[in-house]
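K.L.:
predicted coordinates and the sequence they were generated for:
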Amino acid sequence: MTRVFAMTLTILRKDLLVEWRARAQAVALLGFAAVVLLLFSFAVGPDSTMLAKHAGGYLWLALLLASTLLLGRSLQTEVETDALEALLLAPVPPAALFYGKALANAGLLVMVALVAVPVDLAITGAGIVENPVLLALIVVLGAAGIAAPGTFYAALTARIDGRQLLLPLLLFPLVVPALLASVKATSLVMTGDPMEQLPGWIALLVCFDAIYWSLCGLLFEKVVDG
Amino acid sequence: MPIPPASAAAEEASAPGAGPPVEGAVAERAVVVQARGLSRRFGRRWALARLDLTVHAGERLLVVGANGSGKSTLLTLLSTLLAPTEGQLSLFGLDPVRDRARVRARIGMVRHAHGLYEDLSARDNLVVRARLLGRPVDVAGLLATVGLDDRVEPLRSYSAGMRKRLQLACVRLEMPDLVLLDEPFSALDPAGCADVAALVGELPGTVLIASHQVDRAAAICTRAILLDGGQLRWSGPADQAWRAWKAVQAQGAAR
């Protein structure tokens, strides 16, 4: 268990180092999320009430779309150069490989959210969030809910032609429950929670995260080293 | 699709004009690779059929054959990254499926693709590998050994020879008991080939080299096997591999 944990941290550090060295792509990802949010505002029009009401939904759709680019890239570089095989021969336990990569992807998605949230608030006019810590918690939980199944499906589709299309096709239906919980929780934080529904949505998000992270971790070996 | 007949699949098979096998000289050493009836099928095609092979500790075995003869499939099977369709394989006396992690910890491999990170420098790539090993490694010394100690730019700007040297540095870092080299001289100019040959010659342990550059590889190997259509056609001294290959090709042309 200690070895798996140590290897997980090594993979996490390695992925973050690779992203840092290729930071131009990460910057482009931030720009992509901001552009998607701008497009939503153009599509809805100048109805400020409508924009503010659905600010949470726009934020998570932008993050979900950005995640498909991020997730596809995270495994593709390793498959193209056979670095994945080199890691397996190292030998890195597949579970450590999964958790390291999923943590890195979740972290990068949170980083995208750091830019997307202020842009979302500014564009939709949702105003100042009264409880930023709670919003940060929801962003972390929601990013984790996308990153775990996303990393799993990115590995599954990495060697397939048309993976850019397949990844969102497989991922989007699976993350609907986590996405729904994230959108509802974010909206409640942004617009107020008079009925005190927030704890229920956060608990639901935690449950989905637990299911995704445990199941995908168990099955990852079959995908990369079957 | 049945496996092709085993008539030519014995390890001791030899082609006309080739010398005798050199099994006896290493028979007393520990067995590193033991394959019996090793076969691998992709779809309906048998990439490797009923291969019997024994490799002893310290041996340097050259694997030759035309494109599609099964060289890379054999090395990938020995690396445990691929499972055999049929047959038995033992590495270091261990079952590569049941003891996968223990076996892999003793194997180093250089594949067609370099297995490195394009956005990282040579040093960063070696540091990542060293961290995975979990033990202190003299990264600077290794880089100096392969002549890359002054390179700080990302790998994407390296030449094929530099990438190959870095791959060999990774293998040296891991200090494996069994080194599998798949086309180590591919895409290299003569000077690059000489550099890589010198580095391969210094590798400790058991080394298997699959290469089309028979003369170059034979100079650093003790024994050779020849694969043809996924079957073992000849086994003998490495310096006779080229003659054996030509003889097998002539036989094929005559048929």
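P.N.:
Sure thing, it's come through.
K.L.:
measure how buried B:Ala66 is and give me the count.
P.N.:
16 (other Cβ atoms under 10 Å in any protein chain shown). Every residue, glycine included, has its C-beta placed from N, CA and C.
K.L.:
er, B:Gly147 I mean
P.N.:
The number of residues packed near B:Gly147 is 15, by other Cβ under 10 Å.
K.L.:
so is it in a helix, a strand, or just coil?
P.N.:
Following DSSP: H, G, I helix; E, B strand; the rest coil, the label given to B:Gly147 is coil.
K.L.:
does B:Ala219 touch B:Ala197 like I think?
P.N.:
Yes - counting by Cβ atoms under 8 Å, B:Ala219 touches B:Ala197, with 7.0 Å between them.
K.L.:
neighbour-wise, which of the two wins?
P.N.:
Using other Cβ under 10 Å as the criterion, B:Ala219 and B:Ala197 rank with B:Ala197 on top: 19 against 13.
K.L.:
please enumerate the helices of the stretch 1-150 of chain B.
P.N.:
Taking DSSP state H, counting those that start in this stretch as the test, the helices found in the stretch 1-150 of chain B are B:71-78, B:100-104, B:122-133, B:139-145.
K.L.:
what do you get for chain A?
P.N.:
Assigned by DSSP state H, chain A shows helices spanning A:2-21, A:23-44, A:48-53, A:55-80, A:83-89, A:94-124, A:132-157, A:163-191, A:198-224.
K.L.:
can you check the stretch 151-255 of chain B too?
P.N.:
Under DSSP H, counting those that start in this stretch, the stretch 151-255 of chain B gives helices at B:160-174, B:190-201, B:214-218, B:241-254.
K.L.:
residues contacting the third one, please?
P.N.:
The one in question is helix B:214-218. B:62, B:64, B:184-185, B:193, B:197, B:209, B:211, B:224, B:238-239, B:241-242, B:245 (Cβ atoms under 8 Å, 6 or more residues apart in numbering or on different chains).
K.L.:
now do the buried residues in that helix.
P.N.:
Within helix B:214-218, the residues scored as buried using 16 or more other Cβ atoms under 10 Å in any protein chain shown are B:214, B:216-218.
K.L.:
cool, the longest one as well?
P.N.:
For helix B:160-174, the buried set under the neighbour-count rule, 16+ other Cβ under 10 Å, comprises B:161-174.
K.L.:
got it, and the second one?
P.N.:
Neighbour-count burial for helix B:190-201, with 16+ other Cβ under 10 Å as criterion, is recorded at B:192-193, B:195-197, B:199-200.
K.L.:
what is the orientation angle of it with helix B:160-174?
P.N.:
10 degrees (axes from the mean of the first three to the mean of the last three Cα atoms, to 10 degrees).
K.L.:
any chance of the buried residues of helix B:214-218 in JSON lines, with distance to A:Ala116 and pLDDT too?
P.N.:
Below are the buried residues of helix B:214-218 laid out as JSON lines (distance: Cβ to Cβ, whole Å; pLDDT from 0 to 100):
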{"residue": "B:Val214", "distance to A:Ala116": "58", "pLDDT": "92"}
{"residue": "B:Arg216", "distance to A:Ala116": "55", "pLDDT": "91"}
{"residue": "B:Ala217", "distance to A:Ala116": "54", "pLDDT": "93"}
{"residue": "B:Ala218", "distance to A:Ala116": "60", "pLDDT": "93"}
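K.L.:
and of the residues you listed, the nearest to chain A?
P.N.:
Closest approach between the buried residues of helix B:214-218 and chain A, by Cβ to the nearest Cβ: B:Ala217, at 21.0 Å.
K.L.:
ok, and the closest non-adjacent residue to that closest one?
P.N.:
Of all residues not flanking B:Ala217 in the chain, B:Ser211 sits nearest, at 4.2 Å (Cβ to Cβ, 6 or more residues apart in numbering or on different chains).
K.L.:
pLDDT value on the one you found, please?
P.N.:
Here, the pLDDT recorded for B:Ser211 equals 93.
K.L.:
next: B:Ala27.
P.N.:
pLDDT, B:Ala27: 50.
K.L.:
do the same with B:Pro5
P.N.:
For B:Pro5, the model assigns a pLDDT of 61.
K.L.:
near chain B, which residues of chain A?
P.N.:
Taking Cβ under 8 Å from any Cβ of the partner chain as the contact definition, chain A meets chain B at A:3, A:6-7, A:10, A:13-14, A:17-18, A:21-22, A:77, A:80-83, A:85-93, A:225.
K.L.:
next, the buried residues of stretch A:29-45.
P.N.:
Applying 16+ other Cβ under 10 Å to stretch A:29-45 flags A:29-30, A:32-34, A:36-37, A:40-41, A:44 as buried.
K.L.:
which member of the residues you listed is positioned nearest chain B?
P.N.:
Nearest to chain B among these, with distances taken as Cβ to the nearest Cβ, is A:Leu29, at 14.9 Å.
K.L.:
ok, that closest one touching A:Leu69?
P.N.:
Yes - contact criterion Cβ under 8 Å: A:Leu29 and A:Leu69 qualify, at 6.1 Å.
K.L.:
where does chain A have its least confident helix or strand?
P.N.:
Least confident helix or strand, chain A: helix A:48-53 with a mean of 86, by mean pLDDT, DSSP states H and E.
K.L.:
buried residues in it?
P.N.:
Using 16+ other Cβ under 10 Å as the test for burial, helix A:48-53 gives A:51-53.
K.L.:
before we move on, back to that, filter the contacts of helix B:214-218 down to the buried ones.
P.N.:
B:62, B:64, B:184-185, B:193, B:197, B:209, B:211, B:224, B:238-239, B:241, B:245.
K.L.:
quick one: the nearest residue to A:Gly142 once chain neighbours are set aside and chain B, what's the gap?
P.N.:
Closest residue to A:Gly142 apart from its sequence neighbours, by Cβ to Cβ, 6+ apart: A:Ser182 at 3.4 Å. Distance, A:Ser182 to chain B, using Cβ to the nearest Cβ, to the nearest Å: 31 Å.
K.L.:
B:Val31: neighbour count?
P.N.:
Neighbours around B:Val31, by other Cβ under 10 Å: 15.
K.L.:
contact partners for B:Pro136?
P.N.:
B:Pro136 neighbours (Cβ under 8 Å, 6+ apart): B:Ala130.
K.L.:
could you check how far it is from B:Leu173?
P.N.:
Distance of B:Pro136 to B:Leu173, computed by Cβ to Cβ, to the nearest Å: 11 Å.
K.L.:
rewinding a little: so which of the buried residues of stretch A:29-45 comes closest to B:Gly230?
P.N.:
A:Leu29 (45.2 Å; Cβ to Cβ).
K.L.:
can you check the pLDDT for the closest one?
P.N.:
For A:Leu29, the predicted pLDDT is 93.
K.L.:
one more: A:Gln25?
P.N.:
In this model, A:Gln25 is scored at 88, pLDDT.
K.L.:
again, but for B:Glu174
P.N.:
With respect to pLDDT, B:Glu174 has a value of 89.
K.L.:
so how far is chain A from it?
P.N.:
When B:Glu174 is compared with chain A (using Cβ to the nearest Cβ), they lie 8 Å apart.
K.L.:
just checking, that residue touches B:Leu126?
P.N.:
No - contact between B:Glu174 and B:Leu126 fails when scored by Cβ under 8 Å: they sit 10.6 Å apart.
K.L.:
let me have the buried residues of helix A:48-53 in CSV, extended by distance to B:Glu86.
P.N.:
CSV is the format used below for the buried residues of helix A:48-53 (distance: Cβ to Cβ, whole Å):
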residue, distance to B:Glu86
A:Leu51, 64
A:Ala52, 65
A:Lys53, 63
